[in-house]
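Trainee: Need the 3D shape of this:
(one chain, ligands or ions: 1)
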Amino acid sequence: MSDFTDFTQKRRLPAWLKRRLGSGEVFQHTHQTLETYGLETICTHANCPNRGDCWSRGTATVLILGDICTRNCKFCSVGHGKPLPPDPTEPDRVAQMAKTMGLQYLVITSVDRDDLSDGGAGHFRDVINRCRQVVPELKFELLVPDFRDCQDKAIGILAAARPFVFGHNVETVPALYEKARPGGDYARSLGLLQKAKAAWPETQTKSSLMLGLGETDEQVLAVLKDLREVGCDRVAIGQYLRPSKTSLEVAAYITPDKFDWWAQQARRLGFSWVMSSPFMRSSYHAED
Ligand code: SF4
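Mentor: Numbering: from 1, shown residues only. You can find the predicted model right below:
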């Protein structure tokens, strides 16, 4: 499909995937503020390679509803099991963190909470509402789970706290769901994005794909087309990097040129916001 050749190497990272760890005053301030308010981040739990960069710019993605997921995706390093009930103090702690850090844009995500009848949507709403009381100008981007059996209910609940961007990641191509995301369902994920767009046409919807799990170009292109079919406005495309020893192996390292090529394809398909590069994650430079 393209002229580019993927660089595949399983043992050593290619040069373009080397990143510095974080340090410096702003990084420390971010770290300390998150600790002070007892907040979890997906930056840490997913072993994100961008943590040094993001935290040094004073941004982080808050992980609400605990750090135990009810699913067990093979690309993810977040622990799984039986989560605790939502913490009623969390909305205020997130709000105070946003105020202390002087945030203007906040990305909030959560583990899957299939144990809750609303999938955790009520807690997302409570966090947003409390933040808006404390930092009225704050814009929100949500990166939500697929709300397995309660999509309509969740969208109804979130209507009271509509975010600027509503994100849900398809993560990979449907052919790899069984291997990478056994608790997920591709059609269900697309359905959530479609329902959100239908409910709130003015809210930007967003999704993200990891490359390097063994997908083909044709499969990726089909996913991009499917996302546009359900009205998805924004897309982030990045390299899968194994976050823990028990996670899936990397099947291929995709070259930066190839990521540029994917950005062109995505723009051609009509996405209004496209980020495609080896280190891209759905929350990386989300505020840009
Ligand atoms: S890309 Fe997202 S998850 Fe990674 S460090 Fe930045 S804000 Fe955190």
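
Trainee: For the residue in the stretch 101-250 of the chain positioned nearest to the ligand, give me its contacts.
Mentor: Proximity of the stretch 101-250 of the chain to the ligand (C-beta to the nearest ligand atom) peaks at Val107, 6.3 Å away. Just so you know, the C-beta spots here come from the backbone N, C-alpha and C atoms, and that holds for glycine as well. By C-beta atoms under 8 Å, 6 or more residues apart in numbering, the contact set of Val107 is Thr59, Thr61, Val62, Phe140, Glu141, Leu142, Leu143, Ser283, Ala286.

Trainee: Assumed it was part of a strand.
Mentor: Yes - assessed by DSSP: H, G, I helix; E, B strand; the rest coil, Val107 belongs to a strand.

Trainee: Turn the contacts of Val107 into TSV, including distance to the ligand, secondary structure and pLDDT.
Mentor: Converted to TSV, the contacts of Val107 look like this (distance: C-beta to the nearest ligand atom, whole Å; DSSP: H, G, I helix; E, B strand; the rest coil; pLDDT from 0 to 100):
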residue	distance to the ligand	secondary structure	pLDDT
Thr59	6	coil	94
Thr61	4	strand	97
Val62	9	strand	97
Phe140	14	strand	94
Glu141	10	strand	96
Leu142	13	strand	97
Leu143	9	strand	97
Ser283	3	coil	92
Ala286	7	coil	92
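
Trainee: and those, which two are the farthest apart?
Mentor: Thr59 and Leu142 (15.4 Å; C-beta to C-beta).

Trainee: More neighbours: which of the two?
Mentor: Leu142 (27 against 23; other C-beta atoms under 10 Å).

Trainee: can you pull up the bridge partners for that one?
Mentor: Per DSSP bridges, the residues bridged to Leu142 are Ile108, Phe166.

Trainee: Might one say that it is in contact with Asn169?
Mentor: No - between Leu142 and Asn169 there is no contact under C-beta atoms under 8 Å: 11.6 Å.
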